[in-house]
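>>> just coords:
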C-alpha cells in the first residue's frame, strides 16, 4: 500500500522541482512558462490519479483476499468437482443456519457445537456471520481455534483499520490530491483569447 503513496509523493516532488525550474528559467516568456508548467502539472496529476485508483483497488483486493482466506472455501489439489460441489452446498447450508442467529450468545453456542463435532464448515460459517455482525466474543473463540486463523483475523482487522482510519484516509487524500494550478498558468490562461471571442 505504501508503495503507491511513495510513488505518488515522488511524482509530486519531481513535478514540483520541474515546475520550479520552469518558473526560474530566464529563457522562457511568462506565456511559455505557463504552457510548460501546465504540461508538467497535467502529466503529474494523471500519474497521481492513476496511482490513487490503484491504491484504492489494492486496498479492496487485500481485504477481499484475507476475508476469503478466512471465511471462504479452499480445496486441496486433486479434489473432484463432485466433492467441491458437495462442500459448497454444505457451506451454503451452514451459512443459511448461521445467518438466522440473532445474537452473539446463540452464535457462541452454535460455534461450540461445531467445535465439539469437529465441524470446521459450521465454525467458519458462524464466524463469518459473527464478523458481519461485530460479535467479537465469537471471533475470539474462532481465533483461538488455530494459529493460522488467528493470524489471518489479525491481518483482516489491520486491513479494515487501514481502510477506515480517518488519519490514513486523510494522508491518502493529501498524497493523491492534484497539484494546483500555478500563477503562471493562470496568467497564460487569462492572456489566451477565448475561442468564442469575436
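Okay, I see it. Every value quoted in this text rests on a predicted model; they were computed, and no experiment measured them.

>>> give me the element the residue most central in space within the chain is part of.
The chain has residue 59 as the residue nearest its centroid, 1.5 Å off, counting by C-alpha atoms, centre = their mean. Using DSSP states H and E, residue 59 falls within helix 30-71.

>>> residue 18 versus residue 82, what's the distance?
62 Å (C-beta to C-beta, to the nearest Å). Backbone N, C-alpha and C define where each C-beta goes, glycine included.

>>> an error on my part: the question was meant for residue 153.
On the measure of C-beta to C-beta, residue 153 and residue 18 end up 46 Å apart.

>>> who's more crowded, the two?
Using other C-beta atoms under 10 Å as the criterion, residue 153 and residue 18 rank with residue 153 on top: 20 against 17.

>>> got any ranges where the chain has weak pLDDT?
Confidence mapping of the chain against pLDDT under 70 gives the ranges 1, 162-174, 189, 191-198.

>>> okay, helices next: where are they in it?
For the chain, the helices defined by DSSP state H cover 2-23, 30-71, 81-99, 104-117, 120-133, 136-144, 147-164, 166-175, 183-191.

>>> and among those, the most buried is which?
helix 120-133 (a mean of 21; mean count of other C-beta atoms under 10 Å).

>>> what sits up against that helix?
Helix 120-133 has contacts (C-beta atoms under 8 Å, 6 or more residues apart in numbering) with 70-71, 87, 90-91, 94-95, 97-99, 101, 104, 107, 110-111, 113-115, 135-136, 138-139, 142, 145, 156.

>>> rerun that using 7 Å as the cut-off
Contacts to helix 120-133, defined as C-beta atoms under 7 Å, 6 or more residues apart in numbering, come from residues 71, 90-91, 94-95, 98-99, 101, 104, 107, 110-111, 114-115, 138-139, 142, 145.
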